[in-house]
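[1] Here is my input, please return the structure:
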Amino acid sequence: MSSLITEFRAAANAVTTHLHARYGVSVAVTGIQPPLKGDLDGSRILVAEHNTDEEQLFLVAHLFGHTVQWNMSAE
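    Here you go, the predicted structure:
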């Protein structure tokens, strides 16, 4: 396994741990069917198990951004 892939995996794990510890947002790798890559419901992020480590890192960060948008008060 290349060191870059290992770094993507480590970064995705670190972001996942941080999101749960700091914001209470859980991240689960699950059997989402292609062509979908991930989903969210406002308190949980789901990423497909068929994603690469690089895609998983991107999706967790990207979907967290949408989770923040989802939970922002209109006031």
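[2] quick one: Ala28 is in a strand?
    Yes - the secondary structure assignment for Ala28 places it in a strand, going by DSSP: H, G, I helix; E, B strand; the rest coil.
[3] any idea which helix or strand carries the residue most central in space within the chain?
    For the chain, Val60 is the residue whose C-alpha lies nearest the centre (CA atoms, centre = their mean; 1.9 Å). Element membership for Val60 (DSSP states H and E) is helix 53-71.
[4] ok, back up a step: distance of the residue nearest to the centre of the chain from His20?
    Val60 sits 11 Å away from His20, going by CB to CB, to the nearest Å. (Each C-beta comes from the backbone N, C-alpha and C, glycine too.)
[5] and for the two, which residues touch both?
    Here Val60 and His20 have Val27 as joint contacts, going by CB atoms under 8 Å, 6 or more residues apart in numbering.
[6] coming back round to it: now the angle from the helix holding Val60 to strand 26-30?
    130 degrees (axes from the mean of the first three to the mean of the last three CA atoms, to 10 degrees).
[7] can I have helix 53-71 written out in PDB, keeping just the CAs?
    Below are the C-alpha coordinates for helix 53-71, written out as PDB (Å, rounded to 0.1, in the frame of the first residue of the first chain):
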ATOM      1  CA  ASP A  53      -9.700   6.300   0.800                       C
ATOM      2  CA  GLU A  54      -9.200   9.600  -1.100                       C
ATOM      3  CA  GLU A  55     -12.900   9.700  -2.000                       C
ATOM      4  CA  GLN A  56     -13.900   8.800   1.600                       C
ATOM      5  CA  LEU A  57     -11.800  11.700   3.000                       C
ATOM      6  CA  PHE A  58     -13.300  14.200   0.500                       C
ATOM      7  CA  LEU A  59     -16.900  12.900   1.100                       C
ATOM      8  CA  VAL A  60     -16.700  13.100   4.900                       C
ATOM      9  CA  ALA A  61     -15.500  16.700   4.800                       C
ATOM     10  CA  HIS A  62     -17.800  17.700   2.000                       C
ATOM     11  CA  LEU A  63     -20.900  16.100   3.600                       C
ATOM     12  CA  PHE A  64     -20.000  17.600   6.900                       C
ATOM     13  CA  GLY A  65     -20.200  21.000   5.200                       C
ATOM     14  CA  HIS A  66     -23.700  20.200   4.100                       C
ATOM     15  CA  THR A  67     -24.500  19.000   7.600                       C
ATOM     16  CA  VAL A  68     -23.500  22.400   8.900                       C
ATOM     17  CA  GLN A  69     -25.700  24.100   6.300                       C
ATOM     18  CA  TRP A  70     -28.600  21.800   7.100                       C
ATOM     19  CA  ASN A  71     -28.400  22.600  10.800                       C
END
